[in-house]
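> Coordinates for the following, if possible.
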Amino acid sequence: MTEKPARSNPDPVCTVMHSQAAFVGKQGFSYAPAISAETVGARAIHLQIVTIPPGARAKAHKHEAHETAIYVLEGESGMHYGEKLEHHLIARAGEFLYIPANMPHLPYNLSDTEPCRAVIARTDPNEQESVVLLPELDRVQA
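So this is what the prediction gives:
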C-alpha cells in the first residue's frame with residue numbers, strides 16, 4: 001500500500017491513494033484529484049472530489065469526448081444542461097448523476113450557506129485536458 005505515483009512505471013500497479021492537494025479548475029471549482037494519469041498512471045479514468053462553495057456556480061463547459069459520473073456526498077447542486085443549457089436538474093446528497101460526453105452543463109450550489117461536495121469519475125484520466133469552456137453560455141441564470 002503505497003501513495004507513490006505510478007506514473008514513472010509504464011505498467012500501472014494497484015495503489016491506495018489519498019486525495020491530492022486541491023486546485024481550482026478551469027470551471028471555477030476546487031478539485032482534489034486522487035486517481036488520474038498524473039497520480040497513478042491511469043489510462044481511462046479520473047476520480048476526484050469537488051467542492052462547490054456556498055452560492056457558487058461554475059463556468060459553462062463540456063468535457064470533450066468524455067463521460068462523467070458524480071455521487072453527491074453532501075449538499076445540493078443544481079445544473080443547467082443541454083446545447084443552450086435549456087434543461088435543469090437538481091442532485092442531492094446520496095444521489096448519482098450522469099453527464100454524457102460533450103454535454104454542455106453549468107452546475108451550481110443551491111445553498112448560500114453550505115458547501116456541496118461530490119465524488120466525480122470521468123473517462124478522461126487527465127482532469128483538465130478535455131474541459132472546453134463555453135463562455136457564450138455563461139449568461140444563463142442559476
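
> any chance you could map the helices in the chain?
Ranges of helices in the chain, per DSSP state H, are 37-40.

> Just want the most central residue of it.
Taking CA atoms, centre = their mean, the centroid of the chain lies closest to residue 120, which sits 4.9 Å from it.

> so that residue touches residue 51, yeah?
No - here residue 120 does not reach residue 51: they are 10.9 Å apart, not a contact under CB atoms under 8 Å. For glycine as for every other residue, the C-beta is placed from the backbone atoms N, C-alpha and C.

> show me the contacts for the residue nearest to the centre of the chain.
Residues near residue 120 by CB atoms under 8 Å, 6 or more residues apart in numbering: 31, 46-50, 68-70.

> swap the cut-off to 6 Å and go again
By CB atoms under 6 Å, 6 or more residues apart in numbering, the contact list for residue 120 reads 48, 50, 70.

> For the last one, name its beta-bridge partners.
So that's residue 70. Note on residue 70: beta-bridge partners by DSSP bridges are residue 97, residue 120.

> residues near it, how many?
20 (other CB atoms under 10 Å).

> can you pull the contacts of it?
So residue 70 contacts 97, 118, 120 (CB under 6 Å, 6+ apart).

> Now do it against residue 107, distance only.
Residue 70 sits 9 Å away from residue 107, taking CB to CB, to the nearest Å as the criterion.

> Give me the distance between the one helix or strand in the chain whose mean pLDDT sits lowest and the centre of its chain.
Within the chain, confidence by mean pLDDT, DSSP states H and E is lowest for strand 23-24 among all helices and strands, at a mean of 83. With CA atoms, centre = their mean, to the nearest Å as the basis, strand 23-24 stands 11 Å off its chain's centre.

> again with stretch 61-79
6 Å.

> tell me the contacts of residue 114?
Residues in contact with residue 114 (CB under 6 Å, 6+ apart) are 54, 75.
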